[in-house]
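*Asks:* Have a look; sequence and predicted model below, questions after that.
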Amino acid sequence: MSRITFGGLASGLDTNGLINGLLELERLPIVQNEERIKVLEQKKDAWRDINMRLRNLRSVIQELCKEENILAKQAYSTNSSIVRAVADPTAKNASYELKVDRLATNHTVAMQADIQSLLGKSAVESLNMAGVFLLNGVEIEVENGDSLQDLQSKINNSEANVEASIIAGHLLLKSGTSGTDGSLEMSYKSGNNVLNTLKIYNSGGGGSFYHETLEARDALLSINGISVIRPSNEIDDLIDGVTFNLLDESGESVYLQVSVDAERAAGAFAAFAEQYNSVNEFIREKLQKPEKNSIGDVGLLRGDTALMRIERSMRSLITSPVSNYRYETEEGWEQKKYYSFSSLGISTIDEEGYLQFDSEKLLRALKDDPEAVFELLKFEIEDENGVATGQFGGLAVTLDNYLRRLLISEQDGYGGSTTPMAVQQEQAIQRRIDELERRNEAREERILRYEERLIRQFTSLEKYISEMQSKGEDLARMIGQLSNQQNQK
């Protein structure tokens with residue numbers, strides 16, 4: 001809080017100005033510290049940004065470790081209105097000829113007539129019946145007061161695996177299982193014969209349905225000339241890794257081609273190269289020497305050894321071959337065909353470390369040996385006896401592990417946890433900011449005491465000068481009086 005003083009009344013000096021000038025000199029270190037804090041805040045923000053960019057880079061690298069991305073397969077159908085197919089990474093590249101002669105159906109039955117015609121009631125009025133019947137072995141109990149809608153709800157909420165619906169006053173029952181194995185089974189048990197009254201199922205004479213809207217049928221198809229019968233239109237047990245969806249029983253030939261889905265893998269590689277270049281550009285911008293009149297925070301982290309180490313380490317991991325790229329044979333040591341990112345189309349453009357991606361090179365590698373491509377990115381490490389250890393290596397995994405150490409806290413083996421490097425930098429900068437702020441607070445307190453001392457000193461000075469002036473005036477008056485007395489004599 002600034003003080004109001006009335007200095008210089010006796011001396012004529014601008015004591016307030018003198019005090020403010022002295023205080024400004026004392027505040028110069030505070031101003032300098034505040035400028036340092038601004039720069040440190042910018043550095044902390046830069047490290048926070050680096051942290052975020054590294055996390056984004058790690059997320060796209062982890063996509064390279066997923067089998068469904070690198071070994072993805074596609075199944076192309078020449079007529080997707082008849083047959084569609086989905087292939088997983090285990091499917092082999094091959095072509096097939098399919099003919100769908102019959103689709104599988106879900107057994108469906110209905111009331112022979114609508115509820116109004118049968119009982120003169122609406123779907124929400126009481127049926128005035130009480131009885132129990134079996135539906136696929138499950139008891140369905142109809143109680144006094146139940147309506148057709150109530151019966152519908154009881155069937156849908158039961159474990160009979162039957163879908164009940166009401167269409168134009170007709171109760172429709174559809175099996176939840178397609179094919180002949182899903183044929184509906186009904187029988188009377190006790191009380192009113194509800195199924196017979198509603199003209200759904202006649203339990204007499206061996207039993208029969210009043211109105212079978214769709215019989216239960218199995219799917220009939222041929223694949224490469226081999227006839228196949230299945231209870232469902234979704235078939236996943238004919239070819240390893242391929243699921244067929246039958247849509248139309250036209251009997252026409254449909255050709256299906258299973259091949260590598262290179263676009264998915266290429267997309268993952270392209271995203272990796274793009275994000276790496278973004279990180280590399282940001283780091284280089286913060287490390288480079290700022291040019292004259294440069295704008296922004298270029299060179300903000302120039303000379304930061306931790307950031308320089310991160311840049312060198314990532315570039316080394318990108319350009320180095322995989323750890324097991326050489327292997328020993330009876331003829332001697334040999335080198336794998338695919339052993340580095342560059343062999344998959346990811347290579348550096350120049351000495352600044354920016355990446356370029358050749359999708360055609362990746363496509364050729366995937367067509368040649370997709371398993372080798374994936375093993376280059378991620379492989380399970382084996383012990384000296386050839387037993388899997390549950391740990392993984394490979395280019396993508398190694399880079400992911402490095403970024404994990406930069407970003408994620410881990411147990412240190414002594415019951416504690418390590419602080420990630422990127423977080424350490426933010427914390428170190430924050431400690432310097434806190435120290436500068438403590439110094440400023442302490443100096444502000446000293447300046448406050450100094451200001452009080454100056455005010456006291458200048459006040460004393462003014463008082464002393466005022467007293468001297470008063471004494472001078474008294475002396476001048478006395479001299480004047482003596483002069484007057486002498487003149488009178």
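*Replies:* Nice, I can see it.
*Asks:* What is the least confident helix or strand in this protein?
*Replies:* strand 326-329 (a mean of 73; mean pLDDT, DSSP states H and E).
*Asks:* which residues sit against it?
*Replies:* Contacts to strand 326-329, defined as C-beta atoms under 8 Å, 6 or more residues apart in numbering, come from residues Trp333, Glu334, Gln335, Lys336. Every C-beta, even on glycine, is put in place using the N, C-alpha and C of the backbone.
*Asks:* Nearest to Ile455 among those residues?
*Replies:* Lys336 (82.5 Å; C-beta to C-beta).
*Asks:* Neighbours of the residue lying closest to Gly353 once chain neighbours are set aside, how many?
*Replies:* Take Gly353 and drop its neighbours on the chain: the residue closest to it by C-beta to C-beta, 6 or more residues apart in numbering is Arg315, 4.7 Å away. The number of residues packed near Arg315 is 17, by other C-beta atoms under 10 Å.
*Asks:* can you pull the buried residues of the helix or strand containing Arg315?
*Replies:* Secondary structure assignment for Arg315, by DSSP states H and E: helix 305-319. For helix 305-319, burial by neighbour count (16 or more other C-beta atoms under 10 Å) applies to Ala306, Leu307, Ile310, Glu311, Met314, Arg315, Leu317, Ile318.
*Asks:* Selecting buried members of the contacts of strand 326-329 in PyMOL, what would you type?
*Replies:* To isolate the buried ones among the contacts of strand 326-329 in PyMOL, judged by 16+ other C-beta under 10 Å, type:
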select buried, resi 336
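*Asks:* Where does pLDDT dip in the chain?
*Replies:* 1-14, 289-297, 411-417, 488-489 (pLDDT under 70).
*Asks:* could you say which helix or strand contains the residue sitting nearest the centre point of it?
*Replies:* Most central residue of the chain, judged by C-alpha distance to the mean C-alpha position with C-alpha atoms, centre = their mean, is Ser59 at 7.6 Å. Per DSSP H and E: Ser59 is located in helix 15-64.
*Asks:* Over to Asn487?
*Replies:* Going by DSSP H and E, Asn487 is in helix 421-488.
*Asks:* So this protein: which segments form each domain?
*Replies:* Structural domains of the chain, as assigned by automatic domain parsing, span the residue ranges 1-72+262-489, 73-103+219-260, 106-214.
*Asks:* thinking Ile239 is in contact with Ala91, fair?
*Replies:* Yes. Judged on C-beta atoms under 8 Å, Ile239 makes contact with Ala91 at a distance of 7.1 Å.
*Asks:* Now stretch 195-207: buried residues?
*Replies:* So, applying 16+ other C-beta under 10 Å, buried residues of stretch 195-207: Leu195, Asn196, Leu198, Lys199, Ile200, Tyr201, Asn202.
*Asks:* element containing the second one?
*Replies:* Put plainly, it is Asn196. Under DSSP H and E, the secondary-structure element containing Asn196 is helix 194-197.
*Asks:* ok, back up a step: can you pick out the most distant pair from the buried residues of stretch 195-207?
*Replies:* Pairwise distances among these were taken by C-beta to C-beta; the largest, 10.9 Å, belongs to Leu198 and Asn202.
*Asks:* before we move on, back to that, nearest to Glu351 among the contacts of strand 326-329?
*Replies:* Each of these was checked against Glu351 using C-beta to C-beta; the closest is Gln335, at 25.7 Å.
*Asks:* residues near the residue nearest to the closest one when sequence neighbours are not counted, how many?
*Replies:* Residue nearest to Gln335 in three dimensions, not counting chain neighbours: Arg326, with 5.3 Å by C-beta to C-beta, 6+ apart. Close neighbours of Arg326, defined as other C-beta under 10 Å, add up to 12.
*Asks:* gap between Arg326 and Lys336?
*Replies:* According to C-beta to C-beta, to the nearest Å, Arg326 stands 8 Å off from Lys336.
*Asks:* again with Arg453
*Replies:* Between Arg453 and Lys336 the distance is 80 Å, computed by C-beta to C-beta.
*Asks:* Spell out, range by range, the strands that occur in the stretch 101-250 of the chain.
*Replies:* With DSSP state E, counting those that start in this stretch, the ranges of strands along the stretch 101-250 of the chain come out as 106-110, 131-135, 138-142, 162-167, 170-178, 186-191, 201-202, 208-209, 211-214, 219-223, 226-230, 234-239, 242-246.
*Asks:* Sheet partners, orientation included, of the fifth one?
*Replies:* Sheet pairing here is set by DSSP bridges, and for strand 170-178 it gives strand 106-110 (antiparallel), strand 162-167 (antiparallel).
*Asks:* angle of that strand against strand 219-223?
*Replies:* 30 degrees (axes from the mean of the first three to the mean of the last three C-alpha atoms, to 10 degrees).
*Asks:* just the first one next, same as before
*Replies:* Counting by the same axes, to 10 degrees, strand 106-110 points 160 degrees away from the direction of strand 219-223.
*Asks:* ok, residues contacting strand 106-110?
*Replies:* Judged by C-beta under 8 Å, 6+ apart, the contacts made with strand 106-110 from elsewhere in the structure are 167, 170-178, 182-184, 200-201, 209-216.
*Asks:* Check the fifth one too.
*Replies:* The list of residues contacting strand 170-178 from outside it, by C-beta under 8 Å, 6+ apart, reads 104-111, 113-115, 135-136, 148, 151-152, 155, 161-166, 182-184, 198, 200, 213-214, 216, 231-233.
*Asks:* And that strand, what's buried?
*Replies:* Under the neighbour-count criterion of 16+ other C-beta under 10 Å, strand 170-178 has His170, Leu171, Leu172, Leu173, Lys174, Ser175, Thr177, Ser178 buried.
*Asks:* Same question for the third one.
*Replies:* When burial is assessed from 16+ other C-beta under 10 Å, strand 138-142 yields the following buried residues: Ile140, Glu141, Val142.
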